[in-house]
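In: okay, sequence plus prediction incoming.
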Amino acid sequence: LVVVVVIVLLIVSSGKKSVSGPIKIGVIMPLTGDLAFLGEPGRKAAELALENFGDKKNKYQLIFEDDQFNATKAATAANKLISVDKVQAILTFGSSGGNVVNPLAEKNKIIHFGVASDPHVADGNYNFNHWTPPAEEVRALVAELVKRNISKIAIVTPNQAGMKAITDELKKQSLSANIQVVNEQIHNIGDKDFRSLITKLNQGKPEIVVLTSYSPELEILAKQMKDVGFKTPLTSIEGFDQTSEPALFNGYWYASASDPTGEFTKMFSEKTGGKVAFGTGNAYDIISLLVTAFENAKSSDTDKALNELYKIKDFKGAMGALSIDSDGLVLSTATIKTVSVKK
C-alpha cells in the first residue's frame with residue numbers, strides 16, 4: 001500500500017502544467033470588430049495547422065477568444081484562459097495584446113507566442129514572437145527610398161506599441177541614410193477627425209508620407225486626405241496589408257512583413273475556400289511549432305516543451321524555413337509590395 005501511494009504521489013507531482021486531458025492552446029484574435037478580416041483567416045489557419053499535423057501522441061484543444069484587437073480585452077481573455085481553461089500555451093495577435101499577455105505568461109509559466117511588430121513581446125523565458133522585426137521592415141523601406149532618390153519624408157503613426165517600435169526604427173535608419181524626417185504626426189486609436197493633422201503634414205514639404213496607421217483610422221485618414229485634395233504620395237510599413245479598403249491605396253508601394261509561401265497560400269485556399277491575410281501564415285506556424293514542441297517533449301509539461309522549442313531549426317512552415325533564436329524570435333525577411341486592385 002505504501003509503495004502504491006508513493007507512486008501515485010510521484011505521478012501527480014511530476015512536471016509543471018502536466019495534465020491528463022488534452023493539451024490546451026488558447027488563441028486570442030480579433031474575431032469581431034474592425035480587424036475581424038485579419039482574425040478570421042488566422043482562426044482558420046490555427047485549426048488547419050492542427051488538422052494537418054497528422055498522427056499525434058497527445059490530444060490537443062484550441063480555445064478561441066475574441067479581443068477585437070483591444071489590449072484590455074486581450075488581458076481579460078488571457079486571464080480566463082489561464083485560470084479557468086488551464087491552457088498550456090497562448091497565441092496572441094498584435095503588439096498591444098502581446099505585451100499585455102507577456103507578464104501573465106511569465107508569471108504563470110505559460111508558453112506565449114505573439115504575432116507582433118514589437119519584438120519585446122518575446123521578452124522573458126516563456127515568451128516568443130513570430131514576425132518580421134521592425135529593423136528589417138524599415139531596412140527594406142529605407143533602401144527603396146534611397147533607390148527612388150527620396151530624401152524628405154513625413155510620418156503618421158498611431159499611439160500604439162508596435163507602430164511606435166517601427167517609427168522609432170524608421171527615424172534611426174533614416175538618419176543614417178541622410179533622409180530627413182521633416183514632419184511627424186501621432187494620432188490616438190479611435191480618432192476620426194484628421195483634418196488638422198493633414199494640414200500640418202504639408203509643413204517641411206515632404207516628398208512622401210509614411211503611414212503606419214491601421215484599420216479603421218487608416219481608411220478614415222486616406223478618405224479625408226482625398227477630400228481636402230492632399231497630393232503628396234503615400235507609402236507604409238505594414239499598414240496597406242492591414243486595410244479593409246485596399247482600393248484607397250491602389251498603385252502605392254510599401255514595405256511589409258514576409259509573405260507566406262505559394263505552397264501554403266494554395267493549400268489554405270483549397271482547404272478553407274478563403275484567402276490568406278496579414279498574419280495567417282504566422283498563426284499556422286505557431287500552432288505547428290507548439291504541437292511539435294509538445295510532441296517532442298512527449299509530455300504536457302510546459303518546461304519540457306519550452307526546451308524543445310529552442311531545439312527547432314530549419315522548420316518548414318507556412319512562412320518558409322524557420323528557426324527560433326536565443327531571444328525567442330522567429331525571424332523573416334521583409335518585402336516591398338505594390339497595392340494592386342483591379343478596377
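Out: Sure, I can see it.
In: would you list the phi and psi of Trp131?
Out: Reported as degrees, to the nearest 10, the phi and psi values for Trp131 are phi -160, psi 150.
In: er, Gly26 actually
Out: Recorded main-chain torsions at Gly26 are phi -80, psi 140, according to degrees, to the nearest 10.
In: what's the pLDDT at it?
Out: On pLDDT, Gly26 comes in at 98.
In: touching, it and Phe93? I think so.
Out: No. With contact defined as C-beta atoms under 8 Å, Gly26 does not reach Phe93; the gap is 11.8 Å. The way it works is simple: take the backbone N, C-alpha and C, and place the C-beta from them, glycine included.
In: need the overlap of contacts for these two.
Out: Common neighbours of Gly26 and Phe93, counting by C-beta atoms under 8 Å, 6 or more residues apart in numbering, are absent.
In: OK, contacts around the residue lying closest to Phe93 once chain neighbours are set aside?
Out: What sits nearest to Phe93 in space, not counting adjacent residues and going by C-beta to C-beta, 6 or more residues apart in numbering, is Met29, at 4.5 Å. For Met29, the contacting residues are 38-39, 42-43, 64-67, 91-93, 283, taking C-beta under 8 Å, 6+ apart as the criterion.
In: what about 10 Å?
Out: Applying C-beta atoms under 10 Å, 6 or more residues apart in numbering to Met29 gives the contacts 35-36, 38-43, 46, 64-69, 74, 77, 91-94, 97, 115, 279, 283.
In: likewise for Ile155?
Out: Contact partners of Ile155, counting by C-beta under 10 Å, 6+ apart, are 163, 166-167, 170-171, 174, 181-186, 201, 206, 209-212, 237.
In: could you redo the last one with a cut-off of 8 Å?
Out: Contact partners of Ile155, counting by C-beta under 8 Å, 6+ apart, are 167, 170-171, 181, 183-185, 209-210, 212.
In: tell me which of these fall in strands.
Out: The strands in this structure, assigned by DSSP state E, contain 181, 183-185, 209-210 from those.
In: any idea which residue sits dead centre in the chain?
Out: Central residue of the chain (C-alpha atoms, centre = their mean): Val115, 2.5 Å from the mean position.
In: beta partners of it?
Out: Each beta-bridge partner of Val115 is listed here: Phe93, as defined by DSSP bridges.
In: how close does the residue nearest to Phe93 get to Ala283?
Out: With the distance defined as C-beta to C-beta, to the nearest Å, Met29 ends up 8 Å from Ala283.
In: check Lys192 too.
Out: When C-beta to C-beta is the yardstick, Lys192 and Ala283 sit 30 Å from each other.
In: looking at those two, which is more packed in?
Out: The residue with more neighbours, out of Lys192 and Ala283 and counting by other C-beta atoms under 10 Å, is Ala283; that gives 29 against 10.
In: so which strand or helix has the more buried one?
Out: Ala283 belongs to helix 280-297 when elements are defined using DSSP states H and E.
In: quick check: the residue nearest to the centre of the chain vs Trp131, distance?
Out: Between Val115 and Trp131 the computed distance is 6 Å (C-beta to C-beta).
In: so what sits against both of these two?
Out: Taking C-beta under 8 Å, 6+ apart as the contact rule, the neighbours common to Val115 and Trp131 are Asn282.
In: now the residue nearest to Phe93, what are its backbone angles?
Out: phi -140, psi 160.
In: next, the distance between the ends of stretch 234-252.
Out: With C-alpha to C-alpha, to the nearest Å as the measure, stretch 234-252 spans 7 Å from end to end.
In: quick one: the strands in this protein?
Out: 23-29, 60-66, 89-93, 111-115, 127-130, 152-158, 180-187, 208-211, 234-236, 253-256, 315-317, 320-322, 329-330, 335-338.
In: helix or strand with the lowest mean pLDDT in this protein?
Out: Of all regular secondary-structure elements in the chain, judged by mean pLDDT, DSSP states H and E, the least confident is helix 2-13 with a mean of 39.
In: ok so, going back, of the contacts of Ile155, closest to Leu248?
Out: Distance to Leu248 across the contacts of Ile155 (C-beta to C-beta) is lowest for Val209, with 13.6 Å.
In: surely the closest one and Ile153 touch.
Out: Yes. The pair formed by Val209 and Ile153 meets the contact definition of C-beta under 8 Å, at 7.2 Å.
In: CA atoms only: put stretch 90-110 into CSV for me.
Out: Coordinates of each C-alpha in stretch 90-110 appear next as CSV, following Å, rounded to 0.1, in the frame of the first residue of the first chain:
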residue,chain,number,x,y,z
ILE,A,90,-1.4,31.1,-25.7
LEU,A,91,-1.2,32.7,-29.2
THR,A,92,-1.8,36.5,-29.4
PHE,A,93,-2.3,38.7,-32.4
GLY,A,94,-0.8,42.3,-32.3
SER,A,95,1.7,44.1,-30.1
SER,A,96,-0.8,45.6,-27.6
GLY,A,97,-2.3,42.3,-26.7
GLY,A,98,1.1,40.5,-26.9
ASN,A,99,2.6,43.0,-24.4
VAL,A,100,-0.3,42.6,-22.0
VAL,A,101,-0.1,38.8,-22.1
ASN,A,102,3.7,38.7,-21.8
PRO,A,103,3.9,39.2,-18.0
LEU,A,104,0.9,36.9,-17.4
ALA,A,105,2.6,34.1,-19.4
GLU,A,106,5.9,34.7,-17.5
LYS,A,107,4.2,34.7,-14.1
ASN,A,108,2.1,31.6,-14.8
LYS,A,109,4.8,29.7,-16.8
ILE,A,110,2.6,29.5,-19.8
